[in-house]
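**Student:** quick one, structure for this:
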Amino acid sequence: MTSRTSDSAAPALGWLLLMPAVLGMLITLLLPTVLTIGFSLRSGGLVGPSESAGLDNYGRLFTDDTFWPALGFTLSVTLMPLLVALVVAPLLALALDRGGTWVRRAGRILLSLFPVAFSPTAVAVSWLRGLRQDADGLAAMARSLGDPATAPGTLRLVVATATFGVVCALAVMAFLPALRGGTVTPAMLAVAGIVALATVAAGLQLFTLGLVLTGGGPMDSTQTLALLQYTFTWRVARLGMGATLATVTGVILGVLGVAATILAVATRMRLTVTPGAGGHPAAPDKGDPPAEGPGHPEPSPYFQARSTEPGPAVSPYGPGSTPGTSYGPGPASGNPYGATSGNPYGPAPTPASPYGQKSAPPYGQEPASPYASTDVPRKASGVGVAVGLAALAVVAVVAFVGALPWLSGLFTPGEVVAGPNVHLNTWLPAFAGALVSVGVAYLGALGIGGLRPLGRRSEWLLLPFAPWLFAGPGPLSIANWNTVRGLGLIDTLAALVPPLLVSVPALLVLTLLCKGLAERNTGDLLSGVVRPSLPMAGILVVAVTLVNAQDLLWPLLVTQQPDLATAPLAQFMAAGRFSGGAVDAGIATPLVVLALMLTAAVAAQLLYLDRLALTVGRDTGSREPVRTA
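**Tutor:** Predicted coordinates:
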């Protein structure tokens, strides 16, 4: 596609690009959901005969002595991370933003370390070292995990301290673009809503820290919903009860996902990439630029493409203007775009082409953004710099203190049960799953956000995917395990690949980005949307790879062979074998991988993520080219 004008094939191409994501959703999201609901209506074990139970399992679950306490404890564990995400993170983001370019970049670099190095299993086995008699410091709190009276409070504190850095970092990365988009207050509120929903959804699926540290005990005092589902399904072989709990959890997650998607679509949220690395902001603070096209007959000067060659100083509204009009040629008319007015958009395009004598510069060269003239770095005051650095230092200290047990375990030798291919088992399936799921999501995002088959209502095509926006491997694990077993893949390397063909979070983020780029695109689809969005797709592949590699649940279900164990699974197996948590905590984050990932994260932060701007509000209008006459 080479023009935004009247390409009749654009909607058809958009639907075509969306089809892989639709098929991926049907096969790996909708079908396992239907199967899980079907299992919840039956009684019996994992294998062997079963019989219909109707809705009896739901009655048993809601009257079970463990369900409501598990739900209450799970929600209570979520409170501290929620406060970090909604209070600490936006305040830190604001301080970094007001501190100026270098303070903001320093914050991005430091915060990148937390999600890259975070491994729930490694953190948990490091805290288990506190069970030893000679243990001291923060890790010694782990001794309280053995008492039913103190275990719940201790586990809440462990979760809060262990996840402080990663929760704060991810939330700050979400809030920073909203501070650069020109609609700061509504954008920050919209982002806060989505961050809150995502944090609650993640807390509802807390599994690894609870399994490794307490296993739900003592006396079910630290049982979470995810652990209770694991217990029903895999420990006591009550398939119907496990599937029922998975269905209930899935419904809650589905409601949260739909709410977040509606919030993003209803507020007309979009992302774009500012032209300069230090630019601020991406759009005028008073809101969206004037739109043009149907319903907006007055052409907008924001969308006048800059010519790369000098030309005659004519009115941007065509040669028909006369000196007596406010847009007539020459300085006598008071025309702000006249020959001597210093038009910030460059010499106006000639009538022969709506885009000037030359096409807009390609992405990465001289900015062709309609907001290039407003993208001026803001000078930070000395107070702003001091506040930004102080806020960053406080957060870094708190995160460092919370990470002390992990850091201590990281540099202390330990035992681990692992085969020679543990790193291959960990990273190859994780990367393969991320490449497929994000790749399919990217095609769908180009279809929805870039080609917009339903026009301004195209983002509502995200709604069918929304119920699985926050769903992790847990709610669908029973159906997916049954499918893998039926294919004869249990205890194989192929089984370690996450059973997901489309990443819904990646689909949402990339759609918002493609939408924002398409609205400001004055060139073709390749240079205006595909090229500037490809780096984000690559960043999401790395992010999903990290998440896949540190997952414990799925490898735990599909393999028990030491030579096929991933690093988290090897650590979990070792934690059950060696008392006192004498487990190698560094195997999940090998130095080479950590260095490569951190380098990639820092480069992404400075070269790309620092240029993202998020706005909400009225769309910028039609995808028609600028009318110059």
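
**Student:** going forward, measure contacts and count neighbours with C-alpha atoms only.
**Tutor:** Fine.

**Student:** let me know whether residue 574 touches residue 585 as I believe.
**Tutor:** No: under the criterion of Cα atoms under 8 Å, residue 574 makes no contact with residue 585, lying 10.5 Å away.

**Student:** okay, the two: which has more neighbours?
**Tutor:** Set residue 574 next to residue 585 and count neighbours by other Cα atoms under 10 Å: residue 585 wins out with 31 against 21.

**Student:** now the strands for the stretch 401-550 of the chain?
**Tutor:** Ranges of strands within the stretch 401-550 of the chain: none, based on DSSP state E, counting those that start in this stretch.

**Student:** swap that for the chain, please
**Tutor:** Taking DSSP state E to define them, one finds strands in the chain at 42-44, 50-52, 270-273, 612-615.

**Student:** given the last one, what are its sheet partners and their directions?
**Tutor:** When you say that, I think you mean strand 612-615. strand 270-273 (antiparallel) (DSSP bridges).

**Student:** enumerate every residue touching residue 477.
**Tutor:** residue 554 (Cα atoms under 8 Å, 6 or more residues apart in numbering).

**Student:** whoops, I mixed them up, residue 539
**Tutor:** Counted by Cα under 8 Å, 6+ apart, residue 539 has contacts 601, 604.

**Student:** equivalent analysis for residue 595, please.
**Tutor:** Contacts of residue 595 by Cα under 8 Å, 6+ apart: none found.

**Student:** please name the nearest non-neighbouring residue to the most centrally placed residue in the chain.
**Tutor:** For the chain, the residue nearest the mean C-alpha position is residue 505 (5.6 Å; Cα atoms, centre = their mean). What sits nearest to residue 505 in space, not counting adjacent residues and going by Cα to Cα, 6 or more residues apart in numbering, is residue 469, at 5.6 Å.

**Student:** touching, the one you found and residue 251? I think so.
**Tutor:** No: taking contacts as Cα under 8 Å, residue 469 lies outside contact range of residue 251: 11.9 Å.

**Student:** give me the more crowded residue out of the two.
**Tutor:** residue 469 (25 against 16).

**Student:** ok, that one to residue 401 distance?
**Tutor:** Residue 469 sits 32 Å away from residue 401, going by Cα to Cα, to the nearest Å.

**Student:** then residue 224?
**Tutor:** Taken as Cα to Cα, the span from residue 224 to residue 401 is 26 Å.

**Student:** higher neighbour count, those two?
**Tutor:** Counted by other Cα under 10 Å, residue 224 and residue 401 do not tie: residue 224 has more neighbours, with 30 against 15.

**Student:** now the more buried one: phi and psi?
**Tutor:** phi -110, psi 170 (degrees, to the nearest 10).

**Student:** for it, list the residues it contacts.
**Tutor:** Residue 224 touches 70-71, 73-74, 204, 206-207, 210, 216, counting by Cα under 8 Å, 6+ apart.

**Student:** out of the strands of the chain, flag the one nearest residue 456.
**Tutor:** Residue 456 lies closest, by Cα to Cα, to one member of the strands of the chain: strand 270-273, at 12.3 Å.

**Student:** tell me the buried residues in stretch 204-221?
**Tutor:** 204-218, 220-221 (16 or more other Cα atoms under 10 Å).

**Student:** next one: stretch 454-472
**Tutor:** Buried, per 16+ other Cα under 10 Å, within stretch 454-472: 456, 458-463, 465-472.

**Student:** first-to-last residue distance for it?
**Tutor:** Termini of stretch 454-472 sit 30 Å apart (Cα to Cα).

**Student:** for it, the distance to its chain's centre please.
**Tutor:** With Cα atoms, centre = their mean, to the nearest Å as the basis, stretch 454-472 stands 15 Å off its chain's centre.

**Student:** please narrow the contacts of residue 224 to those residing in helices.
**Tutor:** Here DSSP state H is the test, and the contacts of residue 224 give 70-71, 73-74, 204, 210 as lying in helices.

**Student:** switch those residues over to TSV; also include distance to residue 36 and pLDDT.
**Tutor:** Shown next, in TSV, are the ones in helices among the contacts of residue 224 (distance: Cα to Cα, whole Å; pLDDT from 0 to 100):
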residue	distance to residue 36	pLDDT
70	21	95
71	20	95
73	24	96
74	22	96
204	18	96
210	24	93
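
**Student:** state the number of residues packed around residue 262.
**Tutor:** Neighbour number of residue 262 under other Cα under 10 Å is 18.
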